[in-house]
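Trainee: coordinates for the following, if possible.
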Amino acid sequence: MKGRMHSDKAKPDFLIRVAFWSSSRNVFFLTVLLACLVSITPFQIGPVMPGLSSAFSATRSSSVVGGSQRAVTFDRLLVNVGNDFNPDTGRFRCRVPGAYYFTFTVGKYPKKLLSVMLVKNGQEVQAMAYNEFRKQGRKVQSQSAMIGLKPMDTVWLLVQESPDYALYSNAGPYITFTGYLVYPESTSSMGYLNNHLISPGIQPDCPPPEDPSYSERRREATEKGRSAFSVARTFSILGESRRHHKREALTFDVEYVNIGGHFNKSSGHFTCYIPGVYFFAFTVGKHPRRAVSVKLMTGRGEVQAMVFNEDMSRKREMQSQSLLLPLKTGDVVWLYSQQDERYAVYSNQGRYTTFTGFLVYPELNFMSPDRTFH
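Mentor: Below you'll find the predicted structure:
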């Protein structure tokens, strides 16, 4: 009897220890589960790490005459996250590998030509702003592109050496240069970052045939909530016939970035795989003695924005446009150039014509594009 009473008295202590161990184990597993969920969350709010941030924006308040300097330098630095941009040299040096978006605007000096190139490293031309009017008036030209960068790569603005060229600015200022990291490098999302012309014999919208992991990388990039493209043309397109009723998208032969593989160069179509808010920007060159009319389209031909210039002079210049669009899965975005023989789009190896788009925010339930304000 005494031994039985001792056994019954010890049982509650044993049960308490078992319950405590079980509870502790559950807390441990719950902590591990939460840690795993956090690590695989596809959409992150805010920066992951301060060290992965890189952005700059600079302005110049004085003019530049060709021949006085090769790189555009800047006298006011508005933003320099990561200290990767040197305004005294005008050069951005990559510290965090990844996909960067660059945009610049330059003023045209009265009675001077305008030619400014966005270059990478030595003198690899990525895109350019150009205007060959020698009129008295002043105006501005803009250009933008997304570029894949490795550590120590440099990006800067190159000015023509001839004194026939010049940039105009004042306290306004007319000259600005901005760049920022959109997506840090990852093995899946950066699978197709390049700044080169497509290889002969390869379809423009396809990866190299010997790379079987392309579709897998696209799936992984989609799961990570990453989608971005930036492309350019190196040749012109001329409108041919007023009887040409089929609306064909503008196609491209240079691919800077195609994270997720959501842009098809041969069709000129971007297809949304990740619903959300996307930023789109495009610049087109005006062909001599032709007007230019290029529209940003969605679906089967809904016009969202456009550039237009009906000047029929023999001079070349450029037009730019940009906006944000809410997209659903399966939505298609493309550029359409008016195909009447009066119209054309000009480009060459300087890459006058560019098209860029990337996911800014994944789908938000409160997003309502049809809402109006009074």
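Trainee: CA atoms for contacts and neighbours, from now on please.
Mentor: Noted.
Trainee: which parts of the stretch 101-250 of the chain are strands?
Mentor: Assigned by DSSP state E, counting those that start in this stretch, the strands in the stretch 101-250 of the chain fall at 114-120, 124-131, 139-149, 154-159, 166-168, 175-184, 193-197, 228-233, 237-238.
Trainee: which of these has the lowest mean pLDDT?
Mentor: Set side by side, those differ in mean pLDDT, and strand 193-197 is lowest with a mean of 41.
Trainee: could you pull out the helices for the protein?
Mentor: Ranges of helices within the chain are 2-40, 214-223, based on DSSP state H.
Trainee: by mean pLDDT, show me the worst of these.
Mentor: helix 2-40 has the lowest average pLDDT among the helices of the chain, namely a mean of 42.
Trainee: any stretches of this structure with poor pLDDT?
Mentor: For the chain, residues meeting the criterion pLDDT under 70 lie at 1-50, 133-137, 186-223, 241-245, 310-312, 314, 316, 364-374.
Trainee: please redo it, this time with the cut-off set to 50
Mentor: In the predicted model, the chain carries pLDDT under 50 at residues 1-12, 14-48, 187-211, 366.
Trainee: what's the spacing between the nearest residue to Ala228 once chain neighbours are set aside and Glu161?
Mentor: Nearest in space to Ala228, with sequence neighbours left out and distances taken as C-alpha to C-alpha, 6 or more residues apart in numbering, is Phe358 at 4.0 Å. From Phe358 across to Glu161, the span is 34 Å (C-alpha to C-alpha, to the nearest Å).
Trainee: okay, the two: which has more neighbours?
Mentor: Set Phe358 next to Glu161 and count neighbours by other C-alpha atoms under 10 Å: Phe358 wins out with 22 against 15.
Trainee: the more buried one pairs with what?
Mentor: Ala228, Phe279 (DSSP bridges).
Trainee: shouldn't it be in contact with Phe280?
Mentor: Yes: in this structure, Phe358 is within contact of Phe280 by C-alpha atoms under 8 Å, at 6.9 Å.
Trainee: quick check: end-to-end length of stretch 317-336?
Mentor: 19 Å.
Trainee: hmm, I was thinking of stretch 335-345
Mentor: 11 Å.
Trainee: from here on, count from 332
Mentor: Okay, using 332 as the starting number, the last item reads as stretch 666-676.
Trainee: how about it: buried residues?
Mentor: Across stretch 666-676, burial judged by 16 or more other C-alpha atoms under 10 Å covers Leu666, Tyr667, Ser668, Gln669, Gln670, Asp671, Arg673, Tyr674, Ala675, Val676.
Trainee: among those residues, which pair sits farthest apart?
Mentor: Spanning the widest gap among the buried residues of stretch 666-676 are Leu666 and Arg673, at 17.9 Å by C-alpha to C-alpha.
Trainee: now distance to Ile478 too, for the buried residues of stretch 666-676, in JSON lines please.
Mentor: Listed next are these as JSON lines, based on distance: C-alpha to C-alpha, whole Å:
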{"residue": "Leu666", "distance to Ile478": "20"}
{"residue": "Tyr667", "distance to Ile478": "24"}
{"residue": "Ser668", "distance to Ile478": "25"}
{"residue": "Gln669", "distance to Ile478": "28"}
{"residue": "Gln670", "distance to Ile478": "30"}
{"residue": "Asp671", "distance to Ile478": "33"}
{"residue": "Arg673", "distance to Ile478": "33"}
{"residue": "Tyr674", "distance to Ile478": "30"}
{"residue": "Ala675", "distance to Ile478": "27"}
{"residue": "Val676", "distance to Ile478": "23"}
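Trainee: strands - which of those residues land there?
Mentor: In strands, judged by DSSP state E, the following of the buried residues of stretch 666-676 are found: Leu666, Tyr667, Ser668, Ala675, Val676.
Trainee: out of the residues you listed, who's nearest Ser446?
Mentor: Using C-alpha to C-alpha, those come closest to Ser446 at Val676, 17.9 Å.
Trainee: that closest one touches Gly616, doesn't it?
Mentor: Yes: between Val676 and Gly616 there is a contact at 5.6 Å, judged by C-alpha under 8 Å.
Trainee: quickly list what's touching both of those two.
Mentor: Common neighbours of Val676 and Gly616, counting by C-alpha atoms under 8 Å, 6 or more residues apart in numbering, are Val623, Thr684.
Trainee: for the closest residue to Tyr505 other than its chain neighbours, what are its contacts?
Mentor: Spatial nearest neighbour of Tyr505, excluding adjacent residues (C-alpha to C-alpha, 6+ apart): Gly438 at 5.2 Å. Residues near Gly438 by C-alpha under 8 Å, 6+ apart: Arg469, Lys470, Val471, Gln472, Leu498, Tyr499, Ser500, Tyr505, Ile506.
Trainee: report the beta-bridge partners for the residue nearest to the last one when sequence neighbours are not counted.
Mentor: What sits nearest to Ile506 in space, not counting adjacent residues and going by C-alpha to C-alpha, 6+ apart, is Val437, at 4.4 Å. As for beta bridges, Val437 partners with Gln472 under DSSP bridges.
Trainee: tell me how far Val437 lies from Asn640.
Mentor: 19 Å.
Trainee: settle it for me: which of those two has more neighbours?
Mentor: Taking other C-alpha under 10 Å, Val437 and Asn640 do not tie; Val437 has more neighbours (28 against 15).
Trainee: my guess is that one contacts Gly503, does it?
Mentor: No: applying C-alpha under 8 Å as the test, Val437 and Gly503 come out as separate, 11.8 Å apart.
Trainee: contacts only, for the nearest residue to Asn501 once chain neighbours are set aside.
Mentor: Once flanking residues are discounted, Asn501 sits nearest to Ser392: 4.4 Å by C-alpha to C-alpha, 6+ apart. For Ser392, the contact set (C-alpha under 8 Å, 6+ apart) comprises Phe405, Asp406, Arg407, Ser500, Asn501, Ala502, Gly503, Pro504, Tyr505, Ile506.
Trainee: good, wrapping up.
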